[in-house]
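Visitor: Fold the following and give me the result.
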Amino acid sequence: MFVVSRIASAASKRAFSTSAANLSKVAVLGAAGGIGQPLSLLMKQNPHVTELSLYDIVNTPGVAADISHINTKSVVKGFTAENEGLKAALEDAHVVIIPAGVPRKPGMTRDDLFNTNASIVRDLAEASAKYCPNAHFLIISNPVNSTVPIFAETLKKAGVFNPKRLYGVTTLDVVRASRFVAEIKNKDPKDVNCVVVGGHSGITIVPLLSQLGESFTKEEIDALTHRIQFGGDEVVQAKNGTGSATLSMAFAGARFASSVLDATVGGKKNVIEPSFVQSDLFKDQGVEYFSTNIELGKDGVEKIHGLGEISDYEKDLISKAVPELKKNISKGNSFVQ
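Guide: Presented below is the predicted three-dimensional model:
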C-alpha cells in the first residue's frame, strides 16, 4: 500500500513538473483597448500561461492590477512606453497577440484604418524583431490583409521572419459563420463548422457554405454570405460611433491564441484553425498570403489546407476576392518598402 502510494506520488510530481515546464509568457500589445482588455481577461484563464504581459501607451498598470486578482496561476504585469516598457513586455514572450490600433467607426472600412494602424504595427514589429524574434505573432490589428504583410516585411528587414510563426487572426469570420448558420438552421453553433477562406475584410471573406452538408436556397446563400462578409458593420452601426466588434473579436482572438498554445506548448495534435498566413495557394496570382484552415504543431504552421471541393458560387466569390487581396497585400508591402 505504502509502495503504491509512493509510486503514485512520484508520478503525480512528474506530471506536475511536466505541466509546469509547459507554461509560457504571453504578451498582449494594445491591452488597454476595447479588444485588449477582454482578450487579456480570457488569456488569464488559460492554463498554459505562466506570465501575462500587458502593454499599451496608457492605463495598462490599472488593467493588469485588475486582471491580476483573478484566481488563476499566471502572473500579470502591466507596462507603458515609460522605462523601456515595450522591451520588458516582449522579452522571452512565447506568444505575442497584437490588437493595437484605432477601431472602426460608422462608414469606415477596415482599409480606412490603414494609415494609422500601419505605423503602429510596423513599430511593434520592429520591437518584436529585436526583443522576441522567435515568438509566435498573432495579428488582430486591422486591416489584417495589409498589417500581416507589414509585420512580415519588417521582420524580413531584421532577418528574423519565420512564416510558420506569423498569423493573421481571421477566427471571427468562422465564429460568425457558425453563429449565423446555426440561427437559420436551428442548430447549436458548436455543431456548425463552417470553413471561411480568403482574407479578413468585405468581399475577401469567402464562406464555403457548400461544405456544410446543409441545403440552402439561393436567397439564404446570398444573405448568409453577405452577413458573414459584412458582419462587423452590424456591430459598428449598433454601437453608433462608440466602437467596433471588440468583445466577439476578443473571444475569437483568445480561441486562436489558445489553439496556438495547445499545439506549441501543450503538444496537442490535430489542432486546426483558420488563419491568414503565407501560402502558395494563390501565389501564382500574386497573392502571397491567404486564409484557410491550417494545422498547428510544435513549431507553428505545420500544414496549410487547400480549399477542397467548392461550388461555382464560391469559385466566383474567390475570383472577386483574389484581386482585392492582391491590392491589400501590395499596399502593406509597399508601406514598409
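Visitor: so how far is the strand or helix carrying residue 227 from its chain's centroid?
Guide: Using DSSP states H and E, residue 227 maps to helix 218-229. Helix 218-229 has its C-alpha centroid displaced from the chain centroid by 24 Å (C-alpha atoms, centre = their mean, to the nearest Å).
Visitor: ok, now stretch 191-202?
Guide: Offset of stretch 191-202 from its chain centre (C-alpha atoms, centre = their mean): 13 Å.
Visitor: and if you look at stretch 154-167?
Guide: Counting by C-alpha atoms, centre = their mean, stretch 154-167 comes out at 16 Å from the chain centroid.
Visitor: Contacts for that stretch, please.
Guide: 122, 125-126, 128-130, 133-139, 148, 151-152, 256, 260, 275-278, 299-302, 336 (C-beta atoms under 8 Å, 6 or more residues apart in numbering). In this view, the C-beta of every residue, glycine as well, is placed from N, C-alpha and C.
Visitor: Narrow those residues to those that are buried.
Guide: Buried residues within the contacts of stretch 154-167, defined by neighbour count using 16 or more other C-beta atoms under 10 Å: 122, 125-126, 128-129, 133, 135-139, 148, 151-152, 256, 260, 275-278, 300-302, 336.
Visitor: Among these, which ones are in strands?
Guide: Among these, the members falling in strands are 136-139, 275-278, 300-302 (criterion: DSSP state E).
Visitor: can you list those residues in CSV and add distance to residue 189?
Guide: Formatted as CSV, these follow (distance: C-beta to C-beta, whole Å):
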residue, distance to residue 189
136, 27
137, 28
138, 23
139, 25
275, 20
276, 22
277, 25
278, 30
300, 28
301, 26
302, 27
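Visitor: Mind picking the two most distant members of the residues you listed?
Guide: 139 and 302 (19.2 Å; C-beta to C-beta).
Visitor: most centrally placed residue in this structure?
Guide: Closest residue to the average C-alpha location of the chain: residue 169 at 2.6 Å, with C-alpha atoms, centre = their mean.
Visitor: Now do that residue against residue 275, distance only.
Guide: Applying C-beta to C-beta, to the nearest Å, the value for residue 169 to residue 275 is 7 Å.
Visitor: same thing with residue 288?
Guide: Residue 288 is 14 Å from residue 275, where distance means C-beta to C-beta.
Visitor: Run a quick neighbour tally on residue 45.
Guide: Residue 45 has 12 neighbours, counted by other C-beta atoms under 10 Å.
Visitor: which residue packs closest to residue 211, ignoring adjacent ones?
Guide: If the residues on either side of it in the chain are set aside, residue 211 comes closest to residue 195, at 5.8 Å by C-beta to C-beta, 6 or more residues apart in numbering.
Visitor: Residue 293 bridge partners, please.
Guide: Taking DSSP bridges as the rule, residue 293 bridges to residue 274.
Visitor: For it, give me the pLDDT.
Guide: Here the pLDDT value assigned to residue 293 is 98.
Visitor: wait, doesn't it sit right on residue 271?
Guide: No: under the contact definition of C-beta atoms under 8 Å, residue 293 does not touch residue 271, with a separation of 10.6 Å.
Visitor: Then residue 116 would be within a helix, right?
Guide: Yes: in this structure, residue 116 lies within a helix as judged by DSSP: H, G, I helix; E, B strand; the rest coil.
Visitor: how close does the residue nearest to it when sequence neighbours are not counted get to residue 196?
Guide: In space, residue 116 comes closest to residue 102 once its chain neighbours are excluded; the distance is 5.1 Å by C-beta to C-beta, 6+ apart. Computed with C-beta to C-beta, the distance linking residue 102 and residue 196 is 25 Å.
Visitor: Looking at those two, which is more packed in?
Guide: Counting neighbours by other C-beta under 10 Å for residue 102 and for residue 196 shows that residue 196 has the greater number, 26 against 16.
Visitor: Quick one: residues contacting that one.
Guide: Contacts here follow C-beta under 8 Å, 6+ apart; on that basis residue 196 touches 170, 173-174, 177, 205-208, 228, 274, 291.
Visitor: Torsion angles phi and psi at the residue nearest to the centre of the chain?
Guide: Listed backbone geometry of residue 169 is phi -80, psi 110, with angles given as degrees, to the nearest 10.
Visitor: Check the spacing between it and residue 274 real quick.
Guide: Plainly put, residue 169 is 9 Å away from residue 274 if you go by C-beta to C-beta.
Visitor: Repeat that for residue 148.
Guide: Between residue 148 and residue 274 the distance is 13 Å, computed by C-beta to C-beta.
Visitor: likewise residue 75?
Guide: Residue 75 sits 31 Å away from residue 274 when distances are taken as C-beta to C-beta.
Visitor: again with residue 229
Guide: Looking at residue 229 against residue 274, where the rule is C-beta to C-beta, the gap reads 15 Å.
Visitor: So which of the two has more stuff around it?
Guide: Neighbour tally, residue 229 and residue 274, criterion other C-beta under 10 Å: the higher count belongs to residue 274, 28 against 23.
Visitor: one step back: what is the neighbour count of the residue nearest to residue 211?
Guide: Burial measure for residue 195: 22 neighbouring residues, criterion other C-beta under 10 Å.
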